[in-house]
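Participant: Following is a predicted model, sequence given first.
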Amino acid sequence: LTNNGTLNWQQGNIIYNSSTPLVNNNQFNISGTDQISSGSSTFNLTNTGTITKTSLGTTLFNSGGSFINSGTLNFNNGKIQIGGFAITNSGNLNFAGGDFQFRNGSLTYTNGSVLSGTGNFINDGGNLILTIDLVIPSTILYSHEPGSTGNPIVSGAGNLTLNRDFTFLGTLTGAGTLTVNANTTWISGSLGRVFTNQANRTLTINGGTQPLFLGAGGALTNNGILNWQSGSILVNSDTPLVNNNLLNISGNDQIRSNSATFNLTNTGTITKSSGGPTTLVSGGSFVNSGTITLNNGILESQNMVISNPGNMNFGGGSFELRGGSLSHNSGSVISGTGNFFNAGGNLSLNNDLVFPSTLVYTHSSGQTGNPTISGTGNLTINNDFTILGTITGTGTLTINANTTWISGSMGRIFTNQADRTFTINGG
């Protein structure tokens with residue numbers, strides 16, 4: 001069937017038993033709610049003209065074949081649902097109050113493509129392949145829905161820009177960037193594109209009990225507000241997670257290396273408000289030149305190499321250095337009320353550090369070894385302290401309380417002060 005005039009499809013399902021494409025070269029009007037689907041052969045469709053959907057309800061094109069559109073698709077009412085097609089689009093997608101949904105299959109957005117108007121563009125388990133940049137205006141809502149054969153995908157070298165709030169599930173991959181000029185919620189899947197949460201925007205991570213993936217090639221930078229509510233994040237990208245503004249932790253999950261090393265850079269403020277542990281697991285780096293605020297629960301660093309020229313403010317919460325190291329550098333301030341646990345890590349003092357009496361510093365045996373204190377900076381502790389592990393470096397150790405030495409090596413100058421008790425009990 002080739003249409004060079006006007007084709008009015010008013011009603012009736014069409015079953016295709018021919019592999020020859022249906023070709024529209026002029027005007028194809030859809031005023032019903034029926035379907036064209038493959039029968040004994042694969043249904044293929046070619047449009048060089050104009051296909052216009054005017055009826056309420058859903059019109060379904062269902063096939064495992066190809067749909068080549070170099071003309072115009074007008075979505076004026078209802079919904080056109082295309083299932084299983086490999087769509088190649090170099091034409092116009094015009095939304096005038098209607099919806100377009102591609103289920104499974106793929107849509108390749110190529111040179112010449114234009115998307116405009118008002119309506120809904122739904123990726124329902126398909127693969128949106130961008131060979132050129134795609135900007136979806138604020139009048140069109142682009143959304144992801146879980147498909148019957150898998151979750152939605154965005155891929156390709158083109159950049160994707162969205163101008164409405166976006167809930168992300170599925171897989172975002174490809175060399176192009178993701179820009180959302182609105183708020184974003186990440187509930188599942190893999191982020192494998194460069195994405196920056198902009199100033200005055202909110203990114204909410206709410207994955208529940210399932211893991212989320214920072215995919216290979218992905219990069220996440222927060223310049224606005226990042227609310228990490230739930231969902232552990234597994235990192236497959238060496239590009240650091242960067243927080244330049246507010247990162248709020250209200251859950252008890254973890255970020256950990258998976259197929260790549262997790263690195264973290266903070267120039268803004270990270271605030272931990274939830275009870276229970278939040279864990280950063282990696283052999284990578286954590287550079288903090290901003291502020292870490294610990295208001296509740298415990299923030300655990302496992303095997304990370306932390307460089308801290310910034311602030312650690314304890315507001316009733318705790319920090320645990322489990323393996324790895326923390327370098328206390330010039331400009332760093334550690335203050336407040338809470339607990340600082342060294343469980344097998346190396347507290348490297350490049351500057352003097354005074355733990356106030358409201359902040360209890362404790363040594364405990366870690367899974368990777370006993371705790372270490374090293375460096376040239378002087379260490380002052382204002383609570384009772386039990387020595388185990390290795391205390392070394394050219395700086396002094398001052399304890400304005402009682403001390404018990406149960407194991408390890410003392411390699412610093414230490415004076416047990418008047419009216420204090422020093423107990424050696426190595427067993």
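Facilitator: Happy to help now that I have it.
Participant: List the contacts of the nearest residue to residue 58 once chain neighbours are set aside.
Facilitator: The shortest distance from residue 58 to any residue that is not its chain neighbour, by CB to CB, 6 or more residues apart in numbering, is 4.6 Å, and that residue is residue 79. The way it works is simple: take the backbone N, C-alpha and C, and place the C-beta from them, glycine included. Under the criterion of CB atoms under 8 Å, 6 or more residues apart in numbering, the contact list for residue 79 reads 53, 57-59, 98-101.
Participant: List the beta-bridge partners for residue 46.
Facilitator: With DSSP bridges as the criterion, residue 46 is bridged to residue 23, residue 68.
Participant: isn't it right up against residue 3?
Facilitator: No. With contacts defined as CB atoms under 8 Å, residue 46 does not count as touching residue 3, sitting 10.5 Å away.
Participant: Could you give the backbone dihedrals for the residue nearest to residue 58?
Facilitator: As for residue 79, its main-chain torsions (degrees, to the nearest 10) stand at phi -140, psi 140.
Participant: ok so, going back, kindly point out which residues are neighbours of both of residue 46 and residue 3.
Facilitator: Between them, residue 46 and residue 3 have 23-24 as joint contacts when contacts are counted by CB under 8 Å, 6+ apart.
Participant: Distance check, the residue nearest to residue 58 against residue 51.
Facilitator: As defined by CB to CB, to the nearest Å, residue 79 lies at a distance of 14 Å from residue 51.
Participant: Residue 322 pairs with what?
Facilitator: Counting by DSSP bridges, residue 322 forms beta bridges with residue 302.
Participant: typo on my end, it should be residue 265
Facilitator: Beta-bridge partners recorded for residue 265 (DSSP bridges): residue 242, residue 287.
Participant: list the contacts for it?
Facilitator: Shown in contact with residue 265 (CB under 8 Å, 6+ apart): 240-243, 286-287.
Participant: mind redoing it with 6 Å?
Facilitator: Residue 265 makes contact with 240, 242, 287 under the criterion CB atoms under 6 Å, 6 or more residues apart in numbering.
Participant: Number of residues surrounding the residue lying closest to residue 233 once chain neighbours are set aside?
Facilitator: For residue 233, ignoring the flanking residues on the chain, the nearest one in space by CB to CB, 6+ apart is residue 255 at 4.5 Å. The burial count assigned to residue 255 is 20, neighbours taken as other CB atoms under 10 Å.
Participant: Residue 255: which element?
Facilitator: Following DSSP states H and E, one finds residue 255 within strand 254-257.
Participant: what do you get for residue 271?
Facilitator: Secondary-structure element containing residue 271, defined by DSSP H and E: strand 269-272.
Participant: ok, and what's touching the helix or strand just after that strand?
Facilitator: The C-terminal neighbour of strand 269-272 among helices and strands, as given by DSSP H and E, is strand 277-281. When contacts are defined by CB under 6 Å, 6+ apart, strand 277-281 is touched by residues 249, 252, 254-256, 272, 298-302, 304.
Participant: strand partners of strand 277-281, parallel vs antiparallel please.
Facilitator: strand 254-257 (parallel), strand 298-302 (parallel).
Participant: Regarding the residue nearest to residue 235 when sequence neighbours are not counted, what is its secondary structure?
Facilitator: Sequence neighbours aside, residue 262 is the residue nearest to residue 235 in space, at 4.0 Å (criterion: CB to CB, 6+ apart). State at residue 262, reduced to three classes by DSSP: H, G, I helix; E, B strand; the rest coil: coil.
Participant: OK, contacts around residue 262?
Facilitator: Under the criterion of CB under 6 Å, 6+ apart, the contact list for residue 262 reads 235, 255, 282, 284.
Participant: ok, what's across the strand from the first one?
Facilitator: For residue 235, the beta-bridge partners under DSSP bridges are residue 214, residue 257.
Participant: Am I right that it is in contact with residue 257?
Facilitator: Yes. In terms of CB atoms under 6 Å, residue 235 counts as a neighbour of residue 257; the distance is 5.4 Å.
Participant: picking up where we left off before, for the strand holding residue 255, the averaged confidence score.
Facilitator: Confidence for strand 254-257, expressed as mean pLDDT, is 96.
Participant: cool, and stretch 321-333?
Facilitator: Computed over stretch 321-333, the mean pLDDT rounds to 96.
Participant: ok, now stretch 90-97?
Facilitator: Stretch 90-97 comes out with an average pLDDT of 98.
Participant: Which positions in that stretch come out as buried?
Facilitator: By neighbour count, and taking 16 or more other CB atoms under 10 Å as the criterion, the buried residues in stretch 90-97 are 90-95.
Participant: Just the residues contacting that stretch, thanks.
Facilitator: Counting contacts by CB under 6 Å, 6+ apart, the residues touching stretch 90-97 from outside are 69-76, 110, 112-115, 117-119, 140.
Participant: Can you flag the buried ones in the residues you listed?
Facilitator: 69-76, 110, 113, 115, 117, 119, 140.
Participant: biggest separation within the residues you listed, which pair?
Facilitator: The two members of the buried ones among the contacts of stretch 90-97 with the most space between them (CB to CB) are 76 and 110, at 24.2 Å.
Participant: about what we covered before: dump the buried ones among the contacts of stretch 90-97 into JSON lines; add distance to residue 379, secondary structure and pLDDT as well.
Facilitator: Written out in JSON lines, the entries for the buried ones among the contacts of stretch 90-97 read as follows (distance: CB to CB, whole Å; DSSP: H, G, I helix; E, B strand; the rest coil; pLDDT from 0 to 100):
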{"residue": "69", "distance to residue 379": "70", "secondary structure": "strand", "pLDDT": "98"}
{"residue": "70", "distance to residue 379": "72", "secondary structure": "coil", "pLDDT": "98"}
{"residue": "71", "distance to residue 379": "74", "secondary structure": "coil", "pLDDT": "98"}
{"residue": "72", "distance to residue 379": "73", "secondary structure": "strand", "pLDDT": "98"}
{"residue": "73", "distance to residue 379": "70", "secondary structure": "strand", "pLDDT": "98"}
{"residue": "74", "distance to residue 379": "73", "secondary structure": "strand", "pLDDT": "98"}
{"residue": "75", "distance to residue 379": "68", "secondary structure": "strand", "pLDDT": "98"}
{"residue": "76", "distance to residue 379": "73", "secondary structure": "coil", "pLDDT": "98"}
{"residue": "110", "distance to residue 379": "63", "secondary structure": "coil", "pLDDT": "98"}
{"residue": "113", "distance to residue 379": "63", "secondary structure": "coil", "pLDDT": "98"}
{"residue": "115", "distance to residue 379": "61", "secondary structure": "strand", "pLDDT": "98"}
{"residue": "117", "distance to residue 379": "66", "secondary structure": "strand", "pLDDT": "98"}
{"residue": "119", "distance to residue 379": "64", "secondary structure": "strand", "pLDDT": "98"}
{"residue": "140", "distance to residue 379": "59", "secondary structure": "strand", "pLDDT": "98"}
